[in-house]
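Novice: Show me how the following folds:
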Amino acid sequence: MLDPVSTAVLTMELQRGVCGDLAALPDLRDAVAAIDLPMRAGRICAAARAAGATVVHCIAAFRPDRRGSVSNARILVAAAERNGDRLDRGQPGTELIPELSAEPGDLVVARSHGLTPFVSTELDQVLRNCGIRTVVAVGNSINIGILGLVLVAVDLGYHVVVPRDAVVGIPVDYGNSVLDNTISLLATITTTDELIATWR
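Specialist: Alright, predicted model coming up:
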């Protein structure tokens, strides 16, 4: 399942304006820091590159006028109010957190609509063009983004792997419950160390 040739690591919104130094949501930023998610995500990306797997960074980046985007859910309304222009295209908030040590060979897929990285983006086609059959979900948050990524990936026919110590929800205990009671029914649950050991 984790053959590097057909595996991609998908980082979910590991951006400065979401969980980094420019984050508008301190609870999420603090949860990410509390489990040392940036370091773990960086280790996973480095191991993936070394093994020959694909690394794809899924980010949120909007037009400054928000044309083509819609705030049709409470979380989107709240995010728009709190984020201001942090996640506008070209703003520092759209930059990846430094711990990922992004390299030129990494792919970046931006979305300007919705809550998950597959819907209305080129992600699925890019993965298929690269021969990807398994995706490894890393990042935040389990509440919506990671859960949505897993659900859609499974619907599209991908195998999904989730390192439980490289994803987080708010509160952390709730995220763990979703992992154990929902995501575990859809994906293979592992850890950062187990995943890296497999590629080694």
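Novice: contacting residues for the nearest residue to residue 88 once chain neighbours are set aside?
Specialist: Using CB to CB, 6 or more residues apart in numbering and skipping residues adjacent in sequence, the residue nearest residue 88 is residue 64, 4.7 Å away. Any C-beta I mention is one placed from the backbone N, CA and C, and that applies to glycine too. Contact partners of residue 64, counting by CB atoms under 8 Å, 6 or more residues apart in numbering, are 85, 88-89.
Novice: likewise residue 50?
Specialist: Neighbour list for residue 50: residue 199 [criterion: CB under 8 Å, 6+ apart].
Novice: Just confirm it is within a strand.
Specialist: No. The secondary structure assignment for residue 50 gives helix rather than a strand, going by DSSP: H, G, I helix; E, B strand; the rest coil.
Novice: follow-up on the earlier one: mind checking the SS state of the residue nearest to residue 88?
Specialist: Using three-state DSSP, the three-state assignment for residue 64 comes out as coil.
Novice: mind checking how far it is from residue 95?
Specialist: With distances defined as CB to CB, to the nearest Å, the gap from residue 64 to residue 95 amounts to 16 Å.
Novice: go on, residue 103?
Specialist: With distances taken as CB to CB, residue 103 is found 14 Å from residue 95.
Novice: which one of these two has more residues nearby?
Specialist: Between residue 103 and residue 95, counted using other CB atoms under 10 Å, the more crowded position is residue 95 (17 against 10).
Novice: which residues does the closest residue to that one other than its chain neighbours contact?
Specialist: In this structure, residue 95 finds its nearest non-sequential neighbour in residue 16, 5.0 Å apart by CB to CB, 6+ apart. The contact partners of residue 16, by CB under 8 Å, 6+ apart, come to 22-23, 92-97.
Novice: run the last query once more with 6 Å
Specialist: Remark: with contacts taken as CB atoms under 6 Å, 6 or more residues apart in numbering, residue 16 is in contact with 22, 92-93, 95.
Novice: where does this protein dip in pLDDT?
Specialist: Flagging of the chain using pLDDT under 70 yields the residue ranges 66, 68-70, 72-84.
Novice: Just the strands from it, written as ranges.
Specialist: In order along the chain, the chain carries the following strands (DSSP state E): 7-12, 54-60, 107-111, 134-140, 159-163, 167-168, 188-190.
Novice: Give me the contact list for the first one.
Specialist: Contacts to strand 7-12, defined as CB under 6 Å, 6+ apart, come from residues 41, 44-45, 48, 53-58, 127, 132, 134-139, 145-146, 149.
Novice: isn't residue 188 right up against residue 162?
Specialist: No. With contact taken as CB atoms under 6 Å, residue 188 and residue 162 are classed as non-touching, separated by 7.3 Å.
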